[in-house]
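**Q** coords please:
(one chain, ligands or ions: 2)
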Amino acid sequence: MSSPVRAVLALGSNLGERSATLTEAVAELVADPAVKLCRVSRLVQTKPVGGPGEQPDFLNLVMEIETTLEPLDLLAWCQSVEQNHHRTREVRWGARTLDVDVITYADVVSDDEVLTLPHPRAAERAFVLQPWAWMDPEATLGGRRVAELAAEAADLQGLDLYTADEDG
Ligand SMILES: Nc1ncnc2c1ncn2[C@@H]1O[C@H](COP(=O)(O)OP(=O)(O)OP(=O)(O)O)[C@@H](O)[C@H]1O
Ligand SMILES: Nc1nc2c(c(=O)[nH]1)N=C(CO)CN2
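**A** Ligands and ions are numbered 1, 2, ... in the order given. Model (predicted):
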């Protein structure tokens, strides 16, 4: 078995029971013995970035895992958890019950379009960067502090901490 590496995953949901979906997805992702949970961020509520104009706000979170899965196997595992939540891909950046992206995998850099690492749009997305910075204030991405990247992200003003008593 290969030695474990750290990876960061980003989860989003803007359809259905959003917070329950994300809580279940975290549990499902770490149900494989090859995936261990290290840290999980707070939930944030975020305005949709890109995609069709009229779609609901997202809930987003970030998690840090330790895994012995190879990168493509980790992607396939994330996609199988998306499928458990009936994820469909009809419209680019459209509404979805669950999206799971691989943000980083150790320090691997790859421009493979099946799995681009780090995730090609993570460095400009407050909905990824801000919960990540709160979870891990020391985190860096592409040589820059994640907290600094978050402060510069155009979608930061659409982001709020989510409190559990809010609707779904
Ligand atoms: N780092 C990555 N994490 C997840 N998917 C990736 C990554 N790099 C490339 N992909 C590819 O992107 C394809 C589309 O992914 P997906 O449907 O989740 O995109 P999206 O969430 O609509 O948009 P975005 O990629 O901007 O987050 C996947 O089938 C996958 O092969
Ligand atoms: N706020 C927000 N916007 C998005 C999100 C997301 O998770 N949150 N995911 C996208 C595609 O991955 C596109 N736009």
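**Q** Where does pLDDT dip in this structure?
**A** Scanning the chain for pLDDT under 70 picks out 1, 87-94, 165-168.
**Q** Where does it get nearest to ligand 2, residue-wise?
**A** Closest to ligand 2 within the chain is Gly12: 2.5 Å, counting by Cβ to the nearest ligand atom. For glycine as for every other residue, the C-beta is placed from the backbone atoms N, C-alpha and C.
**Q** Would you confirm that that residue contacts Phe127?
**A** Yes: here Gly12 reaches Phe127: they are 6.9 Å apart, a contact under Cβ atoms under 8 Å.
**Q** anything in contact with each of the two?
**A** Listed as contacting both Gly12 and Phe127 by Cβ atoms under 8 Å, 6 or more residues apart in numbering are 46, 58, 60.
**Q** Tell me who's in contact with the closest residue to the second one other than its chain neighbours.
**A** Once flanking residues are discounted, Phe58 sits nearest to Asn14: 4.2 Å by Cβ to Cβ, 6 or more residues apart in numbering. Taking Cβ under 8 Å, 6+ apart, we find Asn14 in contact with 48, 55-59, 95-96.
**Q** could I get these as CSV with neighbour count and secondary structure?
**A** Formatted as CSV, the contacts of Asn14 follow (neighbours: other Cβ atoms under 10 Å; DSSP: H, G, I helix; E, B strand; the rest coil):
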residue, neighbour count, secondary structure
Pro48, 20, coil
Gln55, 17, coil
Pro56, 14, coil
Asp57, 15, coil
Phe58, 25, strand
Leu59, 21, strand
Ala95, 18, coil
Arg96, 23, coil
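**Q** Kindly indicate which of the residues you listed lies nearest Arg42.
**A** Minimum distance to Arg42 across those is 10.5 Å, recorded for Leu59 (Cβ to Cβ).
**Q** residues touching the closest one, list them.
**A** Each residue near Leu59 by Cβ under 8 Å, 6+ apart is listed here: 12-14, 18-19, 22, 43-46, 162.
**Q** go with 10 Å
**A** For Leu59, the contacting residues are 11-14, 18-19, 21-22, 43-46, 127, 162, 166, 168, by Cβ atoms under 10 Å, 6 or more residues apart in numbering.
**Q** Give me the nearest residue to Glu124, chain neighbours excluded.
**A** Per Cβ to Cβ, 6+ apart, closest to Glu124 is Ala153, 5.8 Å.
**Q** shouldn't the one you found be in contact with Val49?
**A** Yes: in this structure, Ala153 is within contact of Val49 by Cβ atoms under 10 Å, at 9.3 Å.
**Q** Just the contacts of Leu59: which are in strands?
**A** In strands, defined here by DSSP state E, the members of those are 11-13, 44-46.
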